[in-house]
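Peer 1: structure for the following, please:
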Amino acid sequence: MHNVAALAVVARVLIRPRMEPSVRLAWIMIVEAVPLVGIMAYLLFGEVRMSTAEVQKMADVRDRLTGLRRPSPNTIEHPPRRLEPVFAANRSVGGLPAVDGNRMELLPEGDDAIDHMINAIDSARDHVHIVFYIWLDDHSGTRMAQAVERAAARGVACRVIVDALGSRQFVRSDLWRRLQAAGAECVTAFPWGIPLISMLFQRLDLRNHRKIMVVDNRIAFTGSRNCADMAFAVKAKYAPWVDILMSAEGPVVRQLQGVFLSDWMSYTGRDLGEMLVMVDAVDEPGLAAQVVPTGPDRRAGSISDCLATMILNARHEVVLTTPYYVPDMALDAAIRAAARRGVEVTMILPARNDSVIVGATSEGFYYGLLLAGVRLHLFQPGLLHAKIATVDRRYAMIGSANLDRRSFELNYEVNMAIYDRQMTEELNLRQASYIDRSVELTLDQVRNWGMLRRIRNNLLALASPLL
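Peer 2: From the prediction side, this is the model:
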């Protein structure tokens with residue numbers, strides 16, 4: 001009986017649209033090797049399955065917001081020729097154009113970065129919009145919640161979205177109830193409900209991994225930082241968690257507002273489209289930027305496409321920082337190809353990963369990277385959680401997306417491309433500070449790893465299309 005079931009699942013794998021050949025092959029091998037486990041794993045995790053009604057609702061919301069989105073006078077219609085592929089790739093994936101007239105600030109690495117967000121909330125007059133994957137009720141999380149309470153008490157419209165899994169402790173805390181009692185509207189993204197029933201309609205591991213705060217359509221914050229202390233109490237043994245956080249003013253704030261509104265309207269059904277107002281330039285010509293939202297309901301490419309285009313466009317230097325490296329074939333090939341053609345490619349990853357499986361899978365890619373000429377630096381003091389890419393000291397990308405298939409295919413993410421030499425240089429300096437706290441991994445060291453370690457890493461790398 002199980003052979004018939006296995007054949008049926010293999011047939012389904014073969015006819016599924018939009019599945020990479022490597023992913024098909026990996027699933028077929030798993031199902032054939034361990035049929036019962038493979039069949040159950042495929043039914044649970046093999047397809048990016050979403051409720052048809054939810055997908056339609058999100059599409060309707062995007063159509064509504066797109067209809068309201070008058071072109072900004074700061075839209076860059078004619079980018080520099082060399083950057084045309086990068087602008088185009090980001091727009092094809094995220095649907096938004098690059099805009100200039102912005103001002104940005106790279107915020108400090110430490111816990112005092114939260115102070116900038118709290119100060120913005122305390123200055124709010126009309127609204128505060130927040131979405132976090134993880135919000136903890138630690139010192140930073142409590143201070144942020146108290147600032148939202150104060151804003152709600154003085155009549156500011158406060159809307160908060162947290163991911164039901166990532167912030168599961170927070171939504172059961174007194175702080176969550178206090179936010180609601182103060183008048184803040186609080187919503188959880190992808191609540192589980194009854195898992196055995198929910199899994200029939202969509203995957204249970206879809207997550208909203210975004211980090212955005214917008215205040216009064218005046219200032220916005222985004223990056224990799226969750227609303228938590230660097231001590232990160234839920235995984236304290238990997239602390240400190242080192243992140244990137246930026247503030248932005250100008251037309252790009254409208255794009256981040258649009259991403260928040262898309263989430264809010266999809267989750268609540270309440271139309272706030274009138275809040276997608278034009279945001280004026282704050283500098284002339286100012287910094288150019290482009291927000292790139294992604295999610296499994298869109299499937300019009302992923303952040304992998306954007307980063308691969310950036311890297312393939314590089315001439316001199318690429319620096320990448322990521323906590324998790326489980327790439328698709330296109331991105332890994334683009335990184336190695338850049339190094340082989342003489343681009344100086346540097347990657348910075350944590351020496352210790354909070355996921356043993358993901359850490360070992362990442363190691364399975366190290367030999368190929370090093371052989372191609374990529375320099376690998378392993379960050380020592382804690383978990384490097386920042387996500388940064390800089391190219392030729394000319395343009396960059398930061399955001400919530402890791403260099404892994406979960407971010408590419410399952411999570412709702414938001415990244416921001418930055419086309420500015422000065423800000424890219426600041427990001428390079430921040431990455432240089434990571435390198436100063438890292439140890440370089442050499443090809444000889446990888447060659448000297450024990451046989452069991454190499455077998456483990458290479459087996460997991462082989463299975464990376466499924467992770």
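Peer 1: residue closest to the middle of this protein?
Peer 2: By C-alpha atoms, centre = their mean, the chain has its centre lying nearest to residue 401, at 2.1 Å.
Peer 1: on the three-state scheme, that residue is what?
Peer 2: Put simply, residue 401 is coil when judged by DSSP: H, G, I helix; E, B strand; the rest coil.
Peer 1: for it, phi and psi?
Peer 2: Here is the backbone geometry of residue 401 (degrees, to the nearest 10): phi -80, psi 130.
Peer 1: do residue 102 as well
Peer 2: Note on residue 102: backbone dihedrals following degrees, to the nearest 10 are phi -100, psi 160.
Peer 1: pull the number of nearby residues for the closest residue in space to it that isn't next to it in sequence.
Peer 2: In space, and not counting its chain neighbours, residue 102 is closest to residue 250: 3.4 Å by C-beta to C-beta, 6 or more residues apart in numbering. Quick note: C-beta positions are derived from backbone N, CA and C, even for glycine. Close neighbours of residue 250, defined as other C-beta atoms under 10 Å, add up to 26.
Peer 1: just the strands from the stretch 201-350 of the chain, written as ranges.
Peer 2: Ranges of strands in the stretch 201-350 of the chain, per DSSP state E, counting those that start in this stretch, are 212-215, 219-223, 241-242, 245-249, 287-294, 317-321, 325-326, 344-350.
Peer 1: and the third one, average pLDDT?
Peer 2: In this case it means strand 241-242. Per-residue pLDDT over strand 241-242 has a mean of 96.
Peer 1: partner strands of it and their direction?
Peer 2: Strand 241-242 has the following strand partners under DSSP bridges: strand 383-384 (parallel).
Peer 1: how about residues contacting the partner strand?
Peer 2: With contacts defined as C-beta atoms under 8 Å, 6 or more residues apart in numbering, strand 383-384 is touched by 232, 235, 238-242, 321, 323, 348-350, 352-354, 434.
Peer 1: for that strand, give the mean pLDDT please.
Peer 2: The average pLDDT within strand 383-384 is 96.
Peer 1: helix or strand next in line after that strand, which one?
Peer 2: Once strand 383-384 ends, the next helix or strand along the chain (criterion: DSSP states H and E) is strand 388-391.
Peer 1: off-centre distance for that following strand?
Peer 2: Distance, stretch centre to chain centre, for strand 388-391: 14 Å (C-alpha atoms, centre = their mean, to the nearest Å).
Peer 1: who are the packing partners of it?
Peer 2: Other helices and strands packing on strand 388-391, by 3 or more C-beta pairs under 8 Å, 6 or more residues apart in numbering; DSSP states H and E, are helix 303-312, strand 317-321, strand 395-399, helix 421-436.
Peer 1: only alpha carbons, please: show it as CSV.
Peer 2: Written as CSV, here are the backbone C-alpha positions of strand 388-391 (Å, rounded to 0.1, in the frame of the first residue of the first chain):
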residue,chain,number,x,y,z
ILE,A,388,23.8,43.0,4.7
ALA,A,389,25.1,43.0,1.1
THR,A,390,27.3,45.7,-0.3
VAL,A,391,28.7,45.8,-3.8
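Peer 1: give me the sheet partners of that strand and which way each runs.
Peer 2: Applying DSSP bridges to the sheet, strand 388-391 is found paired with strand 317-321 (antiparallel), strand 395-399 (antiparallel).
Peer 1: ok, residues contacting the last one?
Peer 2: It refers to strand 395-399. By C-beta under 8 Å, 6+ apart, strand 395-399 touches 83, 86, 222-224, 244, 246, 292, 303, 306-307, 310, 386-390, 413-420, 423-424, 427.
Peer 1: for these, which ChimeraX command selects only the ones that are buried?
Peer 2: Of the contacts of strand 395-399, the buried ones can be selected in ChimeraX as follows, counting by 16 or more other C-beta atoms under 10 Å:
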select :83,86,222,223,224,244,246,292,303,306,307,310,386,387,388,389,390,413,414,415,416,417,418,419,420,423,424,427
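Peer 1: hang on, the earlier thing: in a markdown table: the strands paired with strand 388-391, plus mean pLDDT, mean neighbour count and distance to residue 256.
Peer 2: Output for those, formatted as a markdown table (pLDDT from 0 to 100; neighbours: other C-beta atoms under 10 Å; distance: least, C-beta to C-beta, whole Å):
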| stretch | mean pLDDT | mean neighbour count | distance to residue 256 |
| --- | --- | --- | --- |
| strand 317-321 | 98 | 24 | 21 |
| strand 395-399 | 98 | 27 | 11 |
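Peer 1: out of these, which comes closest to residue 58?
Peer 2: strand 395-399 (19.8 Å; C-beta to C-beta).
Peer 1: give me every residue that touches residue 227.
Peer 2: So residue 227 contacts 114, 130, 132, 134, 135, 136, 140, 141, 144 (C-beta under 8 Å, 6+ apart).
Peer 1: got the confidence number for it?
Peer 2: Note on residue 227: pLDDT of 97.
Peer 1: for it, which residues make a bridge with it?
Peer 2: Under DSSP bridges, the beta-bridge partners of residue 227 are residue 135.
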